[in-house]
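# With the input below, show me the fold.
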Amino acid sequence: MWDFELFDNASRGPWGSFMLLLRTKGRSVAALGAAIILFALAMDPFFQNVVNISEQWREQSMDAFIPRATTYTAYTAGKFLIDNTEYLEVDQAMSTTAYLYFYDNGTTSATSSTGSGLSPQIPLECPSTNCTWPKHENLGVCNRCADVTDRLEFRCLNSTLDWILAPVPLPDFSNWNYPNGTACGWYLMADTPILMAGYTNDAHTNHTGEVLVSRSQPLYDIWTRDPVSGYEAKLNDTRNPIAHFVIASGGDVIQVRQNATPIAHECVLTVSKPNHN
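Next up is the predicted model:
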């Protein structure tokens, strides 16, 4: 029975083969098979290196396509009047695209199965897994951001509360009247400081207890293109940017009321012509 167990273990793996060699001292025919199993352990890494599979690419007859933008025509919308107020039409194509990047992720999953990795949502056609194009320029939008936390200072000021939730409407409802009040928080350093994150400090008013958690402040007037007076911009080396603004976030209501330093970035969007391969 011992011999049956010994031979059975030898057929199951290297350890059983090693025990068979010790037991028989190599005098059995079965010891030859056990020796082959043990020698195969040393040869296995070499056999794995012998097998080498190389990729060989072959040009396909089908063409690959990728979109390319060379020019941009500014949207010249019409105007219309509502209650004697002039409004401009919105560029639906531009606003739909910008909405995904300003209010959503703006990207899609690179792999539908695992969702690992992100890729721009660019429609392209590639008949294989490796498509190349000649070097070309493509009209696009580039962005840069810089930390401007040092451009904020904590103060308590009496000013126009242009950020409160419910301003007072005029009798004819043609506009809103923002009241003056005292607000404590982090102000953007300028000739007229701008509250970026803070809270009201007035009691017994319609805006008592309101908190400003985050704010996005343009650095240029939308109509005159005049910069915010007194603010020292860090990204002021771009001519005619699409957008140039400071965005700050105080985290949450509790952090704002604790006067925690918010996160602030100055960002600029510009038209660019990057090279693609």
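# which residues of this structure score low on pLDDT?
Along the chain, the parts satisfying pLDDT under 70 run over 1-13, 15, 18, 20-30, 32-33, 36-39, 43-51, 74-78, 101-122, 276-277.
# For the stretch 1-150 of the chain, just list every one of the helices.
Here the stretch 1-150 of the chain has its helices, by DSSP state H, counting those that start in this stretch, at 2-10, 14-24, 30-50, 92-103.
# buried residues in the last one?
Applying a neighbour-count criterion of 16 or more other CB atoms under 10 Å, the buried positions in helix 92-103 are Ala98. (Each C-beta comes from the backbone N, C-alpha and C, glycine too.)
# correct me, but Thr192 touches Gly230?
Yes. Between Thr192 and Gly230 a contact is recorded at 7.4 Å, counting by CB atoms under 8 Å.
# Phi first, then psi, for Ile222.
In terms of degrees, to the nearest 10, the main-chain angles of Ile222 are phi -70, psi -30.
# how much space between it and Gly16?
Distance from Ile222 to Gly16, counting by CB to CB, to the nearest Å: 83 Å.
# which of these two has more neighbours?
A side-by-side neighbour count of Ile222 and Gly16, using other CB atoms under 10 Å, places Gly16 first with 17 against 6.
# Compute the distance between that one and Ala34, please.
8 Å.
# just Ala264 next, same as before
74 Å.
# which residues touch the closest residue to Val213 other than its chain neighbours?
Nearest non-adjacent residue to Val213, counting by CB to CB, 6 or more residues apart in numbering: Gly250, 5.2 Å away. Residues near Gly250 by CB atoms under 8 Å, 6 or more residues apart in numbering: 185-186, 197-198, 212-214, 256, 260, 262.
# Narrow these to those in strands?
Among the contacts of Gly250, DSSP state E puts 185-186, 197-198, 212, 214 in strands.
# export those to a markdown table and tack on distance to Lys234?
Formatted as a markdown table, the ones in strands among the contacts of Gly250 follow (distance: CB to CB, whole Å):
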| residue | distance to Lys234 |
| --- | --- |
| Gly185 | 22 |
| Trp186 | 17 |
| Ala197 | 19 |
| Gly198 | 22 |
| Leu212 | 23 |
| Ser214 | 20 |
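# wait, which of those residues is closest to Leu170?
Leu212 (23.4 Å; CB to CB).
# what's across from the closest one in the sheet?
Taking DSSP bridges as the rule, Leu212 bridges to Gly198.
# now do Glu86
Leu81.
# where does it sit relative to Lys79, distance-wise?
Using CB to CB, Glu86 is found at 6 Å from Lys79.
# can you check Met189 too?
As defined by CB to CB, Met189 lies at a distance of 37 Å from Lys79.
# So if I had to pick from those two, which one is more boxed in?
Neighbour count, other CB under 10 Å: between Met189 and Lys79, Met189 has more, with 16 against 8.
# what's the closest non-adjacent residue to the more buried one?
Nearest residue to Met189 in three dimensions, chain neighbours excluded: Arg151, at 5.3 Å (CB to CB, 6+ apart).
# Who are the contact partners of the one you found?
Shown in contact with Arg151 (CB under 8 Å, 6+ apart): 188-189, 231-232, 234, 246, 264, 266.
# ditto for Thr238
Contacts for Thr238 (CB under 8 Å, 6+ apart) come out as 244, 268, 270.
# Among the residues you listed, name the ones in helices.
Assigned to helices by DSSP state H, none of the contacts of Thr238 qualify.
# Nearest to Leu157 among those residues?
Nearest to Leu157 among the contacts of Thr238: His244, at 24.5 Å, using CB to CB.
# That closest one is in contact with Asp221, isn't it?
No. The pair His244 / Asp221 is not scored as a contact, 11.1 Å apart, by CB under 8 Å.
# So those two - more neighbours on which side?
Neighbour count, other CB under 10 Å: between His244 and Asp221, His244 has more, with 20 against 10.
# So that one versus Thr160, what's the distance?
According to CB to CB, His244 stands 23 Å off from Thr160.
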